[in-house]
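# Model the following, please.
(chains A, B, C and D)
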Number of protein chains: 2
Amino acid sequence: MARTQGSHSDITGPRVREAARRLIARHGFAAVSMRKIAAEVGVQAGALYNYIPDKQTLLFEIMQAHMEELLTARAELDAPADPVQALEQFTRFHIRFHSNRPDEVFIAYMELRNLTPENFAAIEAMRRTYEDQLTEILVAGVAAGHFRLAEPRVTTMALIAMLTGVNTWFREEGRLSLDEVEGIYLDMVRRTVAA
Amino acid sequence: MARTQGSHSDITGPRVREAARRLIARHGFAAVSMRKIAAEVGVQAGALYNYIPDKQTLLFEIMQAHMEELLTARAELDAPADPVQALEQFTRFHIRFHSNRPDEVFIAYMELRNLTPENFAAIEAMRRTYEDQLTEILVAGVAAGHFRLAEPRVTTMALIAMLTGVNTWFREEGRLSLDEVEGIYLDMVRRTVAA
DNA sequence: GATTGATCTGAACGCGCGTTCAGATAAACC
DNA sequence: GGTTTATCTGAACGCGCGTTCAGATCAATC
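Okay, the predicted model is just below:
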C-alpha cells in the first residue's frame, strides 16, 4: 500500500469542504459550480470526486458537520442546575458559537430547501434537539418560579431567532464588542422570560 | 393601435410575477429557470420578455414591490403619539403583514445576495427606512421614561429578528391562532423594553 | 373584411452545468 | 530502482441555461 502518509487527500479533502463552505455562503448552493469549488482549491473538477460522491452530499456534509459541532460543543459544557444560570449559559454559548461560524450558520438556514427530503429530515432533527435544550431550561425555570411565559415552544423560537439575528448585523470592526453584545442580549433574554 | 383592451398583457404580466414569486420562494432564485416560470404561466420562455427585461430585474421588482407595499401599508396607519401604543401597533403590524406574505418575506431575506450592487442598495435602503421607524419609537419611549434599553439600534435588530421569526414556524393549521401568537409576541416585546 | 400591432411561438445562439473515466503523474514502499 | 497505487488531469457526455428574433397568430379598429 503506497502513499499512506503525506497523501494529498489529507490536505485536499478538507480544503474542498472549506472552499465549498465559503463559496456557498457567499453565492448560494445553486449558484456555486463544482468547477468553481475546484478552481478555489487549485484542482480540476473531476478531482473533487475523490472526496465527495456528489454535490448534494457535499452540501449535506457541510450542514451535518456544523450541527454536530453545535451539539458537541454544547454537550461539553456542564449544565448548571439553576435554570437562571442555565439560561445565561445557553444565551452566551449561542451568540458566541454562531457568531464564530457565520458561513456555516448562513448555509444551515438558507440551503435547507436544497437538501433531499432524507437529508433535510436529518438536519431538522438535530436542530430540534438543540432547540429542545432551550425549551427544557425554560420549562424548568417556570416550574421553579424563576420564569414566567405563555408558551415554552414559542418563547424558544422567539429567543433563538433573536439570538441568531446577531449574525445579520454584528461586525468585528463595529462599535460594539462581542462581549458587549452578549451582555445586551442576555439582558433582553432575561427580561423576556422574567417572572 | 390594435388590441388596447382585453389584451393578454393585463393578465400575463401579473401572472409571470406571481409564478416567479412562488417558484423562487420554494426553490431559490438560482434554481428557478425562465422556462420553469414560463411553463407555470402556460407560455413559452421567450414570451416572458414582453414583461421583464431580464431575470435579474424580475427578482429586483419582486423585492421592490414587497418593500414598497410594506412601507406604504405602514404609512397608511396613523402613528400613536404614545410610544407604548406605537410599539404595540408596530408589533402587531409587523407580525400580521409578514405572516400574510411568507413568499415575499422569504425572498426579500434570502435572495439579497443575488441582486446587483445597485439593486441591493435600493432594497437595503428601504429596509433601513422600515427599521428606523422602530428605532424612533424606542428612542421616544426611552425619552418619555416608558422604555429602558441599552442600545436602540441593537434592540431594533433583536426585536425585528424575533418578530420575523414567526414566519419560520407559524402554520395556519397549527394549535395557536395568529391572534394568540400576536398577543404572546407583544408581551415579549413589551418586557424586552420595559422600564 | 382589410389592416394594424400587441402577443406569442419555436428555433437558435453560445455557454456552463454535474458527472464519468481512461490515462498521466508521482510519492511511498519493497 | 522498480512496483504499486493514491491522486489528479483533461476531455467528453447530454442537458438546461438566459436571451434573441423572425415569423405566426389573432383581437381590436377602421
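# packing partners for the host helix or strand of residue A:18?
In this assignment (DSSP states H and E), residue A:18 forms part of helix A:9-27. Packing partners of helix A:9-27 (3 or more Cβ pairs under 8 Å, 6 or more residues apart in numbering or on different chains; DSSP states H and E): helix A:34-41, helix A:55-75, helix A:102-110. Every residue, glycine included, has its C-beta placed from N, CA and C.
# Run through the residues that contact the residue nearest to the spatial centre of chain A.
Centroid-nearest residue in chain A: residue A:105, 4.3 Å away (criterion: Cα atoms, centre = their mean). Under the criterion of Cβ atoms under 8 Å, 6 or more residues apart in numbering or on different chains, the neighbours of residue A:105 are A:66, A:98, A:164, A:167.
# Could you give the backbone dihedrals for the closest residue to residue A:165 other than its chain neighbours?
Counting by Cβ to Cβ, 6 or more residues apart in numbering or on different chains, residue A:165 lies nearest to residue B:161, which is 2.8 Å off, once chain neighbours are set aside. Main-chain dihedrals, residue B:161, degrees, to the nearest 10: phi -60, psi -40.
# Kindly provide the distance from residue B:161 to residue A:91.
Residue B:161 sits 14 Å away from residue A:91, going by Cβ to Cβ, to the nearest Å.
# Between the two, which is the more surrounded one?
Under the neighbour definition other Cβ atoms under 10 Å in any protein chain shown, residue B:161 and residue A:91 were set side by side, and residue A:91 has more, 23 against 20.
# any idea of the angle the strand or helix carrying that one forms with helix A:55-75?
Element membership of residue A:91 [criterion: DSSP H and E] is helix A:83-99. Taking axes from the mean of the first three to the mean of the last three Cα atoms, to 10 degrees, one finds that helix A:83-99 is oriented at 150 degrees with respect to helix A:55-75.
# Helix A:83-99 close to chain B?
No: using Cβ under 8 Å from any Cβ of the partner chain, helix A:83-99 never reaches chain B; the gap is at least 11.2 Å.
# Dump that helix to PDB, restricted to CA.
Taking Å, rounded to 0.1, in the frame of the first residue of the first chain, the C-alpha atoms of helix A:83-99 are listed here in PDB:
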ATOM      1  CA  PRO A  83     -32.400  27.500  35.300                       C
ATOM      2  CA  VAL A  84     -31.400  31.100  35.500                       C
ATOM      3  CA  GLN A  85     -27.700  30.200  35.200                       C
ATOM      4  CA  ALA A  86     -28.500  27.600  32.500                       C
ATOM      5  CA  LEU A  87     -30.300  30.300  30.500                       C
ATOM      6  CA  GLU A  88     -27.300  32.600  30.800                       C
ATOM      7  CA  GLN A  89     -25.000  29.800  29.700                       C
ATOM      8  CA  PHE A  90     -27.200  29.000  26.800                       C
ATOM      9  CA  THR A  91     -27.500  32.600  25.600                       C
ATOM     10  CA  ARG A  92     -23.800  33.300  25.800                       C
ATOM     11  CA  PHE A  93     -23.000  29.900  24.200                       C
ATOM     12  CA  HIS A  94     -25.400  30.500  21.300                       C
ATOM     13  CA  ILE A  95     -24.200  34.000  20.500                       C
ATOM     14  CA  ARG A  96     -20.600  33.000  20.700                       C
ATOM     15  CA  PHE A  97     -20.800  29.800  18.800                       C
ATOM     16  CA  HIS A  98     -22.900  31.200  16.000                       C
ATOM     17  CA  SER A  99     -21.000  34.500  15.600                       C
END
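# So which elements touch that helix?
Judged by 3+ Cβ pairs under 8 Å, 6+ apart, the packing partners of helix A:83-99 are helix A:55-75, helix A:117-143, helix A:152-164, helix A:166-169, helix A:178-193.
# mind redoing it with 10 Å?
Using 3 or more Cβ pairs under 10 Å, 6 or more residues apart in numbering or on different chains; DSSP states H and E, the elements in contact with helix A:83-99 are helix A:55-75, helix A:102-110, helix A:117-143, helix A:152-164, helix A:166-169, helix A:178-193.
# most tightly surrounded among the ones you listed?
Highest mean neighbour count of those: helix A:152-164, a mean of 22 (counted as mean count of other Cβ atoms under 10 Å in any protein chain shown).
# Can you tell me which helices and strands that one packs against?
Going by 3+ Cβ pairs under 10 Å, 6+ apart, helix A:152-164 lies up against helix A:83-99, helix A:102-110, helix A:117-143, helix A:178-193, helix B:152-164, helix B:166-169, helix B:178-193.
# With residue B:38 as the reference, name the closest of those.
Closest approach to residue B:38 among these is made by helix A:102-110 (26.1 Å; Cβ to Cβ).
# Can you give me the domain boundaries for chain A?
A:1-52, A:54-193 (automatic domain parsing).
# ok, back up a step: pLDDT value on the residue nearest to residue A:165, please?
For residue B:161, the model assigns a pLDDT of 98.
# residues in contact with it?
Applying Cβ atoms under 10 Å, 6 or more residues apart in numbering or on different chains to residue B:161 gives the contacts A:158, A:160-169.
# Now render those as a markdown table, adding distance to residue B:41.
Converted to a markdown table, the contacts of residue B:161 look like this (distance: Cβ to Cβ, whole Å):
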| residue | distance to residue B:41 |
| --- | --- |
| A:158 | 38 |
| A:160 | 38 |
| A:161 | 35 |
| A:162 | 39 |
| A:163 | 41 |
| A:164 | 36 |
| A:165 | 36 |
| A:166 | 41 |
| A:167 | 37 |
| A:168 | 34 |
| A:169 | 38 |
